[in-house]
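# here is a sequence together with a model predicted from it:
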Amino acid sequence: MPAPQTLVAGCKVNLALAITGLRPDGYHELDTLFLPLPEPHDTLTVQPAAPGAGLALTCPDPGLAGPDNTVAKAHAAFSRATGLAPDLAVRLDKGIPSGAGLGGGSSDAAALLRHLNSWAGERALAPEALNAVAAEVGADVPFFLYNRPARGQGVGERLTPADPGLEGMSLLLLCPREAVNTGWAYRAWDALPQDRKTPPSAVKDFLTWASSRDKRSPCFFRACLWNSFENAVFPAHPGLRRIKEDLFRRGACGACLSGSGASLLGLFRNRVQAERAAEAFSEEGVTSFVHQA
């Protein structure tokens, strides 16, 4: 194995997310618009381990260092696909909050898969094969291998390039202290009456607008930054609904949950306004990140 390396795993937000149905295997069909972001990020420090160690994963949060961690699953899946089972010591330092809807675990897995594939030499997997391994680990892992704006369909693994047309916009990402369990969020959505979960055409509308670049309508983002989970999550987490309302009150032209929450994003036409909003939220104990979209 090469010398110790530090891998940086960024996060993602969902500019729009529609749950479009439930599959026979119990997974949900999605239509979503992914946007990668560099912050917050996780860090993986990878170095050789003693022969026979397999993957030795450590984390300051010991609850994240077990065999169910996506990093461990990525190592096992890559080994099955290639016949290579490198002995690695991996330290995972979390900067992406758990239960935030930012895909931290999937990003960690993608970072390790990319690292392993770069080391594998003649046994390295072609992009399509590596993507299949990523999908085996988790639905969002293929997106983090791709790591560019994309429309995700199926369970999120079918990716097509997408240009969200956000030039000149500022994106404010908010990470409240509370967490939302994704499994619970899907079950809560399943329990909604049908008229509360009829999927909108948010992703299609978003991409149609982006291709036309018609930014004259001030109502566009308010209508198309839409997330199916909000109807299930907000009643149980009213504080998250209040944060969304505060985003609009502080000047956002669109706002929504990311993934199943608890993080939220707001789009601003004015960066100074976004930075002032970030400062106000930070004073209230909500971690904030301003990105140039």
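Structure's in. What do you need? This is a predicted model, so every value here is computed, not measured. Residues are numbered from 1 along each chain as shown.

# the bottom helix or strand of the chain by mean pLDDT?
The least trusted helix or strand in the chain, going by mean pLDDT, DSSP states H and E, turns out to be helix 220-224, with a mean of 75.

# Arg123 against Ala85, yeah?
No. If you go by CB atoms under 8 Å, Arg123 and Ala85 don't touch, sitting 11.4 Å apart. C-beta here means a position set from N, CA and C on the backbone, and glycine is covered the same way.

# ok so, going back, after the least confident helix or strand of the chain, which helix or strand is next?
The helix or strand immediately downstream of helix 220-224 is helix 230-236, counting by DSSP states H and E.

# show me how far that next one is from its chain's centre.
Relative to its chain's centre, helix 230-236 lies at 19 Å (CA atoms, centre = their mean, to the nearest Å).

# repeat that for stretch 186-203.
20 Å.

# for it, buried residues please.
Neighbour-count burial for stretch 186-203 flags Tyr186, Ala188, Trp189, Lys197, Pro199, Ala202, Val203 (criterion: 16 or more other CB atoms under 10 Å).

# end to end, how far does that stretch reach?
Chord length of stretch 186-203, first to last residue, is 19 Å (CA to CA, to the nearest Å).

# show me the contact partners of it.
16-22, 28, 31-33, 151, 223-226, 228-229, 231-233, 236, 260 (CB atoms under 8 Å, 6 or more residues apart in numbering).

# and the helices in the stretch 1-150 of the chain?
For the stretch 1-150 of the chain, applying DSSP state H, counting those that start in this stretch gives helices covering 70-82, 104-119, 127-137, 141-146.

# rebuild those helices as TSV, extending it with distance to Pro193.
Converted to TSV, the helices of the stretch 1-150 of the chain look like this (distance: least, CB to CB, whole Å):
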stretch	distance to Pro193
helix 70-82	34
helix 104-119	31
helix 127-137	32
helix 141-146	31
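
# report all helices and strands that the top strand by length along the chain contacts.
Using DSSP state E, we find that the single longest strand of the chain is strand 28-48. Applying 3 or more CB pairs under 8 Å, 6 or more residues apart in numbering; DSSP states H and E, we find strand 28-48 packed against strand 5-22, strand 88-93, helix 104-119, helix 141-146, strand 150-154, strand 170-175, helix 202-212, strand 287-292.

# among the helices of the stretch 1-150 of the chain, which comes closest to Cys175?
Proximity of these to Cys175 was assessed by CB to CB; the nearest stretch is helix 104-119, lying at 10.8 Å.

# ok and that closest one relative to strand 88-93, angle-wise?
150 degrees (axes from the mean of the first three to the mean of the last three CA atoms, to 10 degrees).
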